[in-house]
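J.: Make a model of this:
(chains A, B, C and D, ligands or ions: 6)
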Amino acid sequence: MKIVHSPVKQIIELENHIFLLKIHSPEIANSIKPGQFLNIKVSDNIYPLLRRPFSVCDVEGENIFLMFNIFGEGTKILAHKKIGDDVDILGPLGNGFNFEDDFDTAIIVAGGLGVAPFPFLNRYLKDKEIYSFIGGRSSKDVITYKIINPEISTDDGSLGFRGTVVELLAQNLHRINNRKVKIFACGPNAMLRALRELCLEKNLLCEASTECAMACGFGICQGCPIESSNNPDKYLLVCKDGPVFNISEVII
Amino acid sequence: MKIVHSPVKQIIELENHIFLLKIHSPEIANSIKPGQFLNIKVSDNIYPLLRRPFSVCDVEGENIFLMFNIFGEGTKILAHKKIGDDVDILGPLGNGFNFEDDFDTAIIVAGGLGVAPFPFLNRYLKDKEIYSFIGGRSSKDVITYKIINPEISTDDGSLGFRGTVVELLAQNLHRINNRKVKIFACGPNAMLRALRELCLEKNLLCEASTECAMACGFGICQGCPIESSNNPDKYLLVCKDGPVFNISEVII
Amino acid sequence: MSSVDFKVEIGGLKLRSPILLASGTVGYGHEIAEFINMNSLGGIVTKSISLKPRKGNPPQRIVETPAGMLNAIGLANVGVEEFIKEKIPFLKKYDVPVICNIAASSVEEYVECTRLLDYEESIKAFEINVSCPNVKEGGLQFGNDLKSVGIVTNKVRAVTKKPLIIKLSPNVSNISDFAQIVKDEGGDAVSAINTLVGTAFNIFTRKPKIKNVNGGLSGPAIKPIALAKVFEIKRKVEIPIIGIGGIMDWKDVVEFMIAGASAIQLGTVNFINPIAADQIKKDLEEYCVSNKIQKISELTGSYILE
Amino acid sequence: MSSVDFKVEIGGLKLRSPILLASGTVGYGHEIAEFINMNSLGGIVTKSISLKPRKGNPPQRIVETPAGMLNAIGLANVGVEEFIKEKIPFLKKYDVPVICNIAASSVEEYVECTRLLDYEESIKAFEINVSCPNVKEGGLQFGNDLKSVGIVTNKVRAVTKKPLIIKLSPNVSNISDFAQIVKDEGGDAVSAINTLVGTAFNIFTRKPKIKNVNGGLSGPAIKPIALAKVFEIKRKVEIPIIGIGGIMDWKDVVEFMIAGASAIQLGTVNFINPIAADQIKKDLEEYCVSNKIQKISELTGSYILE
Ligand SMILES: Cc1cc2nc3c(=O)[nH]c(=O)nc-3n(C[C@H](O)[C@H](O)[C@H](O)COP(=O)(O)OP(=O)(O)OC[C@H]3O[C@@H](n4cnc5c(N)ncnc54)[C@H](O)[C@@H]3O)c2cc1C
Ligand SMILES: Cc1cc2nc3c(=O)[nH]c(=O)nc-3n(C[C@H](O)[C@H](O)[C@H](O)COP(=O)(O)OP(=O)(O)OC[C@H]3O[C@@H](n4cnc5c(N)ncnc54)[C@H](O)[C@@H]3O)c2cc1C
Ligand SMILES: Cc1cc2nc3c(=O)[nH]c(=O)nc-3n(C[C@H](O)[C@H](O)[C@H](O)COP(=O)(O)O)c2cc1C
Ligand SMILES: Cc1cc2nc3c(=O)[nH]c(=O)nc-3n(C[C@H](O)[C@H](O)[C@H](O)COP(=O)(O)O)c2cc1C
Ligand code: FES
Ligand code: FES
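T.: Ligands and ions are numbered 1, 2, ... in the order given. Purely as a prediction, here's the structure:
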């Protein structure tokens, strides 16, 4: 956990107005693990005031990649960075995915920009079979950048299966019978809630990367509570205890 | 008086870290007069919140020039504009210099960045004789860009006359005996105060461009009062009644 | 033309739009009229008028702060007489409801001002400024004292039948107590908020940046505070509220209305973006159309709490 | 090494530096210790401790606002017992003065907490939080009521000989009245300010952005207000002041000290720039050297008024 100032190497705009920012940051590249995140100060002044959390989408050598779309002011400023501009990074933060469990099949479940952490995770799943279920509201919200074996769902049916990505997953569960499966998920809370139900019902091992408003990103503000299934008297902190949780251990 | 969004055409850095911003703004170029100013929003967000006032330094065809140094956050952002970037301009504002009086010799008196409005004014003084007295704290603060016949003073004597620019002017007044003289001045308040004394004493016609903190720049906030010599019951407004005043009519 | 009904009513004051211009931020309308269509404004609130002309505070009167500004204009104004002679005729050229804001150092002066101006038919309502932080006499003392606000309301009420709006100070613990007393004493509405007391020092000279030392903080910085004050009043007192404080765009307007405002005033934004009133109106229309809001007044107090 | 004397004294509390970390913005020090040198800090103020552990408010607890943020953490904390068992041993690893901040819903709870913690020698002083806007019981009611603040001060004073600092609420008209009563009842110093009450609504869902509805506003937005409060206390009451509110860099520190603060606390800035405390110390040293300031305490209240 440190603060580094790293230069932008490349700005890539994918279709759907999704941006990939390539940043030369050996300090982060060498220490970050899939599922961990960075808290980024997008400007060098008080507007916007707070840092913005982003997953690391991928790492290549000394370079890291962030994936985002223009959501509000912070991501707008980020998207307008020029090559050579400084990015003020606080990280690596949080606990990443645990991919050392005993499983032979990895299932990625992602909604919208929830795909962001998976290109990096995929690099660590080389010896596993990977199925990916990728959802979006509409075809333009579906991002499959560096996703392996994607099956697609859209709420409006404009691409792939018509329905939610969790429904799509449920329909396909028979295909993975008799395998040692672990699910890795990231996406909107509504999706994670449905996924949690499914995993509890079918007794599936699942880790989910959760999202919430954050100020500090490293445990000092208490701004990011999430209800724990095990201890109703105390919240967990998304930034420090997560963002990746065993989906059965949190109430989303 | 209108709001226009005009693109930056060129950013020129003079010696002494003085910046010249060339902006393509036919609306302003066609309507502005020497001594008038613009109130500029340097960013498209709330930081900094208020506009920043700048004299028009020069006009060439449809282009205008601003001259400034990096003083605080606003001028820093302005200095970092790129070619093609939008500048949000409110103007023309205030009353400019009156160069239609009966005089044959124009004397420019400027301290530091007070030279800013004079390249533009000089264009309207073609048929006059022009003497310029330019002061600065030290040689690096003396700006003579497009100044005609400059005589220089520095407080520390590192360039030209050692002393203030008003002292330098006083020493040279004998040279303009018997002429119909009008002084045009711009600079820090301390300089204008000394100049005012001199002008009142020697009965010299002088117009000075004054400076003060401003919010709106066009008369609605009452943020920019200046004491009037004629009416002690009421302040004048620098932005609307000025910024150029007959130096005898205000108490600086 | 727009099919959205922009009409709002504030304690008997019927306005064609909830967008007003705040006192002290547009003078008497001359300059801003070059930028916006006065004839579609909800109303213009005049710079505070006092019985006699006031010179106001010496410079420096303003300073920028993070996402805000401090001002200590000191109620510089032309006084009742010149206001009637010079300013009202100008304002009459437009079809715009004029709300006359009054400032004073004593109850008697409030009453006298109102009495003198009451017969001016272009004045559609009074907004009583009991909350200016930048004058030594009167000003804050009044605004932060429950009893004084009650008395001013009561006495001014006695001399006018026009809608009476009291502009509240935010520099208090429970602003709803003040709204309640305004209501009890016959006021028709409250404006919330005026500026918050603030200051700034020049660290090199060690002098206050503002000659008057304290100034009033306005701008986006105060928006969350203003919203909380509006919301507090809305929940506790049944009185129409004009929301003010840091409004920069249509989204801020919607936020204030959801929190409880029947109308809003634009202040500091006029200095930065003098065409804001027109822009906001247009954007609000679009918002209402795409959200199927037929009457903008539906927004008022439409917050949802669980 | 620096030749500048950074030592300050706050009502008997001797500190090696005026730079403290504010309650609730660094937890109990674990995480921030990875960024800064704890052993050169003036002190660390703990997250508010209450008698029993508190779960705090449900999410969403924070939201960004113009140049500020709202928080409604709801005093989530481990409680006195775990604080003593788990947190104090950690803090003892460092050579840093610990100021224990206490929150409570009743006078008895304030007293009991202080009594239980008083024997902990690593606690160098108490800061009593009578001003948290985010808990329904206690909190603001206390902080905005002169009598309650007096009683709390008096009763807590009776159970500790350690320096007693009362952290004041800014949501009042005259904060100096509160500082006066703290002084009268035996308090040693005041901290000013805690957060201002604010709110924000989501204009699409029409719900408050913060689950608790209201939150406390902090960050640069409130700096002018905090400075005015510090200055008001300094001019009216002879009591040491710890200045808090929107400090981002060394210039802000100097400004607060000029206005009257003997020391300062860094709050929101820790979230954005966790190395701020070290950076500010270094910058302040340079400033003092180049301005020939030998003792930083000379700055306190060194404003110049004409
Ligand atoms: C651990 C983590 C990893 C993330 N990874 C990515 C990623 O890889 N790509 C991506 O596009 N986005 C990611 N996000 C979301 C991203 O942080 C937000 O999209 C971003 O903060 C939006 O900033 P903005 O200024 O553009 O939007 P604004 O709306 O202007 O500001 C967003 C503000 O709202 C707050 N906020 C409210 N809800 C949320 C929320 N659900 N998540 C975050 N902030 C919220 C933020 O704290 C911030 O202050 C991640 C969030 C978290 C917590
Ligand atoms: C009519 C007029 C014409 C000007 N012309 C020029 C010009 O041609 N070139 C140039 O370099 N500068 C000019 N200035 C000064 C220029 O406006 C300031 O240098 C600029 O505002 C600094 O902004 P900043 O954000 O960099 O500095 P900051 O210190 O970050 O901000 C300056 C802030 O201080 C206020 N302020 C305090 N004192 C003054 C003052 N004396 N003048 C203006 N603002 C002040 C401003 O309102 C602003 O909010 C002019 C000023 C006026 C009033
Ligand atoms: C420069 C300035 C002058 C003001 N003068 C007055 C005034 O004369 N009377 C008054 O009631 N309010 C006055 N106000 C307060 C505004 O009307 C408004 O209540 C306040 O600025 C908050 O709104 P804003 O954040 O949108 O500016 C003034 C505000 C500013 C910035
Ligand atoms: C997230 C957060 C939590 C806080 N928790 C506490 C607290 O538990 N006790 C307390 O006395 N103050 C608390 N505060 C207030 C700060 O200590 C400080 O007074 C305030 O934030 C103003 O300073 P700043 O603008 O530098 O943040 C908290 C502030 C924030 C932002
Ligand atoms: S974001 Fe600050 S504790 Fe999690
Ligand atoms: S700057 Fe607003 S009136 Fe002059």
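J.: drop to CA atoms for contacts and neighbour counts, all remaining ones
T.: Noted.
J.: Report the separation between the two terminal residues of stretch C:71-86.
T.: End-to-end span of stretch C:71-86 (CA to CA, to the nearest Å): 26 Å.
J.: State the mean pLDDT of that stretch.
T.: Averaging pLDDT along stretch C:71-86 gives 94.
J.: can you tell if it touches ligand 3?
T.: Yes - where contact is defined by CA under 6 Å from any ligand atom, part of stretch C:71-86 touches ligand 3, namely C:N71, C:L75.
J.: buried sites along that stretch?
T.: C:N71, C:A72, C:I73, C:G74, C:L75, C:A76, C:N77, C:V78, C:G79, C:V80, C:E81, C:F83 (16 or more other CA atoms under 10 Å in any protein chain shown).
J.: what's the closest of those residues to D:V213?
T.: C:N71 (30.2 Å; CA to CA).
J.: Read off the pLDDT value for the spatially closest residue to that closest one that is not a sequence neighbour.
T.: Leaving aside its sequence neighbours, C:N71 sits nearest to C:I62 (CA to CA, 6 or more residues apart in numbering or on different chains; 4.4 Å). You'll see C:I62 listed with a pLDDT of 98.
J.: Provide the count of other residues in contact range of whichever residue of the stretch 1-150 of chain A sits closest to ligand 2.
T.: Using CA to the nearest ligand atom, the closest approach of the stretch 1-150 of chain A to ligand 2 is made by A:N45 at 11.9 Å. Using other CA atoms under 10 Å in any protein chain shown, A:N45 is surrounded by 12 other residues.
J.: just C:I193 next, same as before
T.: 28.
J.: Now do the same contact list for it.
T.: C:K167, C:L168, C:S169, C:P170, C:A226, C:K229, C:V230, C:G243, C:I244, C:G245 (CA atoms under 8 Å, 6 or more residues apart in numbering or on different chains).
J.: run the last query once more with 7 Å
T.: C:K167, C:L168, C:S169, C:P170, C:A226, C:G243, C:I244, C:G245 (CA atoms under 7 Å, 6 or more residues apart in numbering or on different chains).
J.: Show me how to select, in ChimeraX, the buried members of those.
T.: Buried residues among those (16+ other CA under 10 Å), as a ChimeraX selection:
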select /C:167,168,169,170,226,243,244,245
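J.: From the contact counts, what lies against the worst-scoring helix or strand of chain C on mean pLDDT?
T.: Lowest on mean pLDDT, DSSP states H and E among the helices and strands of chain C sits helix C:140-143, with a mean of 74. Using 3 or more CA pairs under 7 Å, 6 or more residues apart in numbering or on different chains; DSSP states H and E, the elements in contact with helix C:140-143 are helix C:146-157.
J.: I'd like to know how far the residue lying closest to A:I252 once chain neighbours are set aside sits from ligand 4.
T.: In space, A:I252 comes closest to A:R193 once its chain neighbours are excluded; the distance is 5.9 Å by CA to CA, 6+ apart. The gap separating A:R193 from ligand 4 is 27 Å, by CA to the nearest ligand atom, to the nearest Å.
J.: In stretch C:14-33, which residues are buried?
T.: C:15-29, C:32-33.
J.: and it, anywhere near ligand 3?
T.: Yes - among the residues of stretch C:14-33, C:A22, C:S23, C:G24, C:T25 lie within reach of ligand 3 under CA under 6 Å from any ligand atom.
J.: Tell me how many other residues surround residue 66.
T.: I went with chain A, as the question did not name one. 20.
J.: other chain: chain C
T.: Neighbour count of C:P66, defined by other CA under 10 Å: 24.
J.: if you count residues, which strand in the chain comes out on top?
T.: The chain I'm using is chain A. strand A:2-13 (DSSP state E).
J.: ah, no, chain C please
T.: strand C:123-129.
J.: what does the average pLDDT come to for that one?
T.: Computed over strand C:123-129, the average pLDDT equals 97.
J.: and that strand, what other elements does it pack with?
T.: Using 3+ CA pairs under 7 Å, 6+ apart, strand C:123-129 is in contact with strand C:98-102, strand C:164-167.
J.: and the angle from it to strand C:98-102?
T.: Angle of strand C:123-129 versus strand C:98-102, following axes from the mean of the first three to the mean of the last three CA atoms, to 10 degrees, is 30 degrees.
J.: circling back to that earlier point, for the residue nearest to C:N71, give its distance to B:A213.
T.: 7 Å.
J.: got it, and A:C224?
T.: From A:C224 to B:A213 the distance is 42 Å (CA to CA).
J.: before we move on, what about C:T268?
T.: 15 Å.
J.: repeat for C:I99
T.: In this view, C:I99 and B:A213 are 29 Å apart by CA to CA.
J.: try A:K41
T.: A:K41 is 31 Å from B:A213, by CA to CA.
J.: between these two, who's got more neighbours?
T.: For A:K41 versus B:A213, neighbours defined as other CA under 10 Å are more numerous around A:K41 (24 against 19).
J.: Hmm, A:L237 and A:P225 touching each other?
T.: Yes - at 4.6 Å, A:P225 counts as touching A:L237 under the criterion of CA atoms under 7 Å.
J.: list the buried ones in the longest strand of chain A?
T.: Neighbour-count burial for strand A:2-13 [16+ other CA under 10 Å]: A:I3, A:V4, A:H5, A:S6, A:P7, A:V8, A:K9, A:Q10, A:I11.
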